[in-house]
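A.B. asks: Predicted structure and sequence below. I'll ask about it afterward.
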Amino acid sequence: MNVIKTLDELNAVKAKAAEVVNIRVDGKDSGVKDVLVCGGTGCTSSGSMNIIKKLEEEIERNGLKDKVNIIKTGCFGLCALGPIMIVYPEGTFYSKMEVDHIPEIVESHLKNGVPVKKYLYAETVEGDTIKSLNDTAFYAKQHRVALRNCGLISPEHIEEYIARDGYQALHKVLTSMSQDDVINCLLASGLRGRGGAGFPTGRKWQFAKASVNDQKYVCCNADEGDPGAFMDRSVLEGDPHSVIEAMAIAGYAIGANQGYIYVRAEYPIAVERLEIAIKQAEEAGMLGDDIFGTGFKFHLGLRLGAGAFVCGEETALMTSIEGNRGEPRCRPPFPAVKGLFGKPTILNNVETYANVCQIILKGPEWFAAMGTEKSKGTKVFALGGKIHNTGLVEVPMGTTLRTVIEEIGGGIPNGKKFKAAQTGGPSGGCIPPQHLDIPIDYDNLIAIGSMMGSGGLIVMDEDNCMVDIAKFFLEFTVDESCGKCTPCRIGTKRMYEILTKITEGKATMEDLDKLEKLCYYIKDNALCGLGQTAPNPVLSTLRYFRDEYIAHVQDKKCPAGVCKSLLAYKIDPEKCKGCSLCAKKCPVGAISGELRNPFTIDTNKCIKCGVCASNCKFGAISKS
Amino acid sequence: MVNIKINGVDYSVPEGSTILEAARTAGIKIPTLCYLKDINAIGACRICVVEVKGARSLVASCVYPVNEGMEVFTNTPKVIESRKTTLELILSNHKKECLSCVRSGSCELQELCNEYGVEENRFEGENPAVELDESAMHMTRDNSKCILCRRCVAACGVTQGIGVIGANERGFATQIASPFDMGLADTACVSCGQCIVACPTGALTEKDDTQKVLDAISDPDKFVVVQAAPAVRASLGEAFDLPVGTNVEGKMIAAMRRLGFDKVFDTNFSADLTIMEEAHEFLDRVQNGGTLPMITSCSPGWIRYCENYFPDFIPNLSTCKSPQQMFGAVVKTYYAQKLGKNPEDIVSVSVMPCTAKKYEVNRDDQSAAGVPDVDITITTRELSRLIKKAGIMFKDLPDEECDSPLGTGTGAAVIFGATGGVMEAALRTAAWKLTGEKADSPIEFKEVRGVEGIKEATYNVGGKEVKVAVASGLANAKALLKKIKAGEAEYHFIEIMACPGGCVNGGGQIILPASVKNFTDIRADRAKVLYDIDSANKMRCSHENPDVKAVYDEFFGEPNSHKAHEVLHTSYKAQKLYR
Amino acid sequence: MAFKKSAVPFSGTPEQEERLKAVIAEHKDDPGALMPILQKAQDIYGYLPIEVQTMIADAMEIPLEKVYGVVTFYAQFSINPKGQYKISVCLGTACYVKGSGDIFNKLQEKLGIGSGEITPDGKFSLDACRCIGACGLAPVLTVNEDVYGRLTVDDVDKILEKYN
């Protein structure tokens, strides 16, 4: 690719690439088919690379090489149905692909134009008609801004990004906007940080611009660490240039010429795509010493995390880039004044950056028209847990949790009852059924004791024990605490120990009181945001599920039947036929009896593994 | 100045102060544990939290700057309850053997727990299994008492620029230790003990040698002599509630006599002897083209540092033994001869402001009479413990003087205990020598005094230009040596002391809490004691010391004689330990 | 104190040392170079024993303890060699609520090793990991580059067999 110096040159590249990409955007049939296979982590894990290989073979064999393009994209969102493949221009959606399906699909669909219905996503097939993906429940209520290119373009080709208005915003900013114009545009849009706390992005930039220094930095937080959250990864895998372009714009706005993307090493595909994208952006002159011939200079470096959740905290992330233990620093001084290497720095997360170029191009009013009064735009959520449509969804702020879970997410499998949704990861909380109709935005979530966090949304059903869940998050926090400050280092450990006591039925009401006091103490006293929010999973479950805690403490019972120490397996003598299968399967010899007479379980020996119950053919063994 | 309110009262405080500092000027002491001014402002322990109006959570006052109109509350129920819980959490992970802990009474954690009326066992739970590190000659690390304040890490890494200890692992498993959990003895630790005086609790302690002293004294077959270094008299009083900067020379001597030593001498004697040797060595190097700059060798921490980190500079080191070792060597040779005793029957004890001396007595080439020059060395702290255990009411003691003949020192000797002192003492004698031994040769060289880390001066001594530098604290020494290595600076004579401020601030001195050290410069206060003794002394120069003259007349002949070399000088070699 | 040197003797080759030196030379002057250097060193040697950390510390003129402190802070750095087959079980929320904890326990039991340990024959090492982002496939485990999803406890034996 030649260096692009002018808008005309950019538009020329755009026009040429648009011919290719538009098949997917407006469905014009040009006699060529684009086969998009998801190359995101979810689908790659379920074997999409083998699908691509087989496709290539079959297309070659059928002599379709000139008629079919295979494009490896980023995430489509519906990870539960992976591997996923879409055929354009018609936009037919194949799910749960298997290598064995390929010959038939190539022959029938790609060669003869007849989609193979039995392999299509069932939701898109209605009798004889095949619905567009956008009309399915999963996509219909979504509104894609940050994810607009994910699953639509090849992330490894800068031309495809340019075809989708890529680098137009950077050109506009560099040639027709002042630094303050850019910042004011962001302020007017109402964009707030998508990484967790929701600090207004424009204000952050404003502070950093106001700091006078010969060197400033722009950083991107791609250390997405909340368990169950993977939207940032999807953006990086599916549309890396949208982040690169936005960082260059940020560099211009605050007066920085160096940026760093700090990305989890656990995301090898994202890292690889970023490396390719940075290289291509450099070759195209979108990064470098004289961008668009304006003299603006901006370079971007990639730094890999090494497995420390705390590095998602902004000061810890910076200490980590500096080559130290990723321990947070006290604020003030704030990074906008003294950040990376002691210089003014802004740090935004991936999804935040992914919104920036759209705001510049379409105007702040367009963005501010979406969402609620104080939370503008859209939010990407990673749906997971006990839900049908596990995957990524992007909805306008203010959409209710019920819409996300029941309509988009397809509800809870196996006819189970919804119990809670967990948002905000280890810093967030559990939202009970009574709050399902609250419009999701930053402030509402905080008001009900959770937080937006980066957007993980884990659904739990009646089989999940909320004390166990709280313990799970605390265990995570204890493991991931950096160990610098006393409240987090020792306090969370003691909380975890009390929770363990509760799940083992050894706790008293006094312990419960101590636990709650510790929560408030850590909130007030921990050094960093992560420590201060670490008690949230406990506080929110105590708030909405205190009964469950009390059942563990006073009745020594786990209502959801999860906490093993509190379970007792019992054989119903009425139902037991005395077949002895359970006794044979019991790994510890806790079951005895005479053939054809009811057997019994020695509760002292029983380790509550549940093997007996799952093997009993008569449903005679139950837990309580 | 900015205007703030603390607990509802208006104050005007300097811009850029922290809340902690501002409160202090307002007469409010906010407790601290991890904070050490200039080197450890990390806001980690959370003991110093206060409420700031409008802030989301409590803030750490040690690092939080004041700003105009700020309203601070240092004493609300929430603050008090929070600090108490912090202490209780620390205690839940702390070996509570306070009754026998050597730091009982000087433990900052203990004092706070007492003030806040904690429930000792409110939180119980797992404590990580830790092993005692007793590998080093001079100290013990007991991480079961460590509260992870990291003051030792800062002392080692920032003040001394060494960094052989640090935080390992993370979260609840975090431990302060050396890499790969190796013993301190495997590292290039210089034994300076700055970590020990930084430690708020009993996690870091010197190896206690007081029992050896008691055993020697009670052994009827042993003749036990003791020497005390100049800096000891400037700190010992602090253990008996005397203000920082009290000169307790006379009481110290009286106390040692009452402990039962057969003779109580003074390291000042051998400090003067060191100057005679070192000044002559310097003049010899200058006149005969020896390696320059010459660097002093009194500080064993510095020697160990040089051998490990800057072996290129070994030829620059003065070959003179340290005053402690010279003293011991004279005791086991000259004095033994004088007494008509077998050197093996003499136990030579030293009281030092220094933990590295425990390492130095075990160095090679430190046994002039075939037996160790010094048998037992104890720190100022250990001496204070011996005095307390013996029931000696220190403050009530009379001022006494040392025994003869090794008990006399000049003003030049006593300033050895402060940074720049050895330089000044050497310059006094060198000037006297170069000006033709005139009685009115210059005495005071004030440019090399003071607590700054690196001091430089150029003197015209007897028509010769002498460029000198003085560094204290090994990070400063490192900076100085790097400059020399890079050819950016040139000197004739350099004094280096391992501890910042010199021996008065040595790792063996009485430990003062951070609440004192953060607000007063104890280096300056203690140094003043020594300079006052110097200016009050009739003899200001080492060559005037009658005991020193006698030892040359009767034994060594003259400075740098063959015999002097055998007894009073030593050798060095490069070390390769884990750095 | 117990010197935590690796039980397995260091067997670095001159070729590896050359590569490490080249990496250090390339990055030495970058700001914050220690992390990238450690990551590349671990790629070269598979782990970061004292010999490797000492080389890095000496070349960068920083204390060994500084290197070790960083290495032990981050979960991805290892001072012990990993097994021929590195098994990681995702214990992220999505996987956990779908039972990955039981799978992890089963593996511990089958292999007779705990988290972060290696079997005596050097064949398998076992780690618990945080979300690898394959939540749609929960619960998930990986063996080297292979990903296994939608698992039940009963799948463990079959998976292990593949590598025996």
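C.D. replies: In hand now; what should we look at?

A.B. asks: So out of everything in the stretch 351-500 of chain B, what residue is nearest chain A?
C.D. replies: The nearest approach of the stretch 351-500 of chain B to chain A comes at B:Ala475, 18.2 Å away (Cβ to the nearest Cβ). Bear in mind the C-beta positions are built from the backbone N, C-alpha and C, glycine included.

A.B. asks: Helix or strand: which one has that residue?
C.D. replies: Per DSSP states H and E: B:Ala475 is located in helix B:474-485.

A.B. asks: what packs against that helix?
C.D. replies: Helices and strands touching helix B:474-485, by 3 or more Cβ pairs under 8 Å, 6 or more residues apart in numbering or on different chains; DSSP states H and E, are helix B:300-309, strand B:454-461, strand B:464-472, strand B:493-497.

A.B. asks: what about it, average pLDDT?
C.D. replies: Over the span of helix B:474-485, the pLDDT mean works out to 98.

A.B. asks: what helix or strand is B:Val224 on?
C.D. replies: Assessed by DSSP H and E, B:Val224 sits inside strand B:223-228.

A.B. asks: Likewise for A:Leu170?
C.D. replies: Counting by DSSP H and E, A:Leu170 is part of helix A:168-176.

A.B. asks: The very next helix or strand once past that helix: how far from the chain's middle?
C.D. replies: Reading on from helix A:168-176 to the C-terminus, the next helix or strand found by DSSP H and E is helix A:179-189. Mean-position distance between helix A:179-189 and its chain equals 28 Å (Cα atoms, centre = their mean, to the nearest Å).

A.B. asks: same deal with stretch B:542-549?
C.D. replies: For stretch B:542-549, the distance from its own C-alpha centre to the chain's C-alpha centre is 27 Å (Cα atoms, centre = their mean).

A.B. asks: again, but for stretch B:198-216
C.D. replies: Using Cα atoms, centre = their mean, the offset of stretch B:198-216 from its chain centre is 15 Å.

A.B. asks: repeat for stretch C:20-38
C.D. replies: 20 Å.

A.B. asks: name the helices or strands packed onto the longest helix seen in chain C?
C.D. replies: Longest helix in chain C, counting residues (DSSP state H): helix C:14-27. Judged by 3+ Cβ pairs under 8 Å, 6+ apart, helix C:14-27 is in contact with helix C:34-45, helix C:50-60.

A.B. asks: mind giving me the domain split of the chain?
C.D. replies: As the question left the chain open, I've gone with chain A. Following automatic domain parsing, one finds the domains of chain A at A:20-132, A:165-368, A:378-461, A:466-553, A:568-623.

A.B. asks: meant chain C, my bad for not saying
C.D. replies: Split by automatic domain parsing, chain C gives C:14-73, C:85-162.

A.B. asks: Which of the ones you listed comes out lowest on mean pLDDT?
C.D. replies: With a mean of 85, domain C:85-162 has the lowest mean pLDDT of the domains of chain C.

A.B. asks: Report the separation between the two terminal residues of that one.
C.D. replies: 11 Å (Cα to Cα, to the nearest Å).

A.B. asks: what's the offset of it from the middle of its chain?
C.D. replies: Mean-position distance between domain C:85-162 and its chain equals 14 Å (Cα atoms, centre = their mean).
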